[in-house]
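Colleague: Coordinates for the following, if possible.
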Amino acid sequence: GASLTERRRAFLDALDKGQLVFVPRYRQRCLVKRVDRARREVTLRLGQADLRVDFDEVTWYESL
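Modeller: This next block holds a predicted model:
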């Protein structure tokens, strides 16, 4: 099977606007609004606010 690192890389490579991702820090699933690969940041919709977080802060949706 794929190692966690490979799965993680595949997940980040596939990150795109409109996806749902899980943000462990907020224990929330959030909608991806924008992906900034140069900065390794992703803009998420959290409630009424848009939030910029580092790639390291998001994980795949199934980890609930």
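Colleague: Could you pull out the strands in this protein for me?
Modeller: Secondary structure of the chain, counting by DSSP state E: strands at 20-23, 28-36, 41-46, 49-54.
Colleague: Quick check: which of those strands is buried the most?
Modeller: For these, the largest average neighbour count (mean count of other Cβ atoms under 10 Å) is found in strand 41-46, namely a mean of 18. C-beta here means a position set from N, CA and C on the backbone, and glycine is covered the same way.
Colleague: show me where pLDDT drops low in the protein?
Modeller: 62-64 (pLDDT under 70).
Colleague: change it to 80
Modeller: The model of the chain has pLDDT under 80 over residues 1, 61-64.
Colleague: tell me the centre residue of it?
Modeller: Val58 (3.6 Å; Cα atoms, centre = their mean).
Colleague: ok, and the closest non-adjacent residue to Val32?
Modeller: Gln19 (4.7 Å; Cβ to Cβ, 6 or more residues apart in numbering).
Colleague: how much space between that neighbour and Val53?
Modeller: 14 Å (Cβ to Cβ, to the nearest Å).
Colleague: How about Tyr61?
Modeller: Counting by Cβ to Cβ, the gap from Tyr61 to Val53 is 15 Å.
Colleague: picking up where we left off before, does the residue nearest to the centre of the chain really touch Gln19, like I thought?
Modeller: No - using Cβ atoms under 8 Å, Val58 makes no contact with Gln19, being 9.6 Å away.
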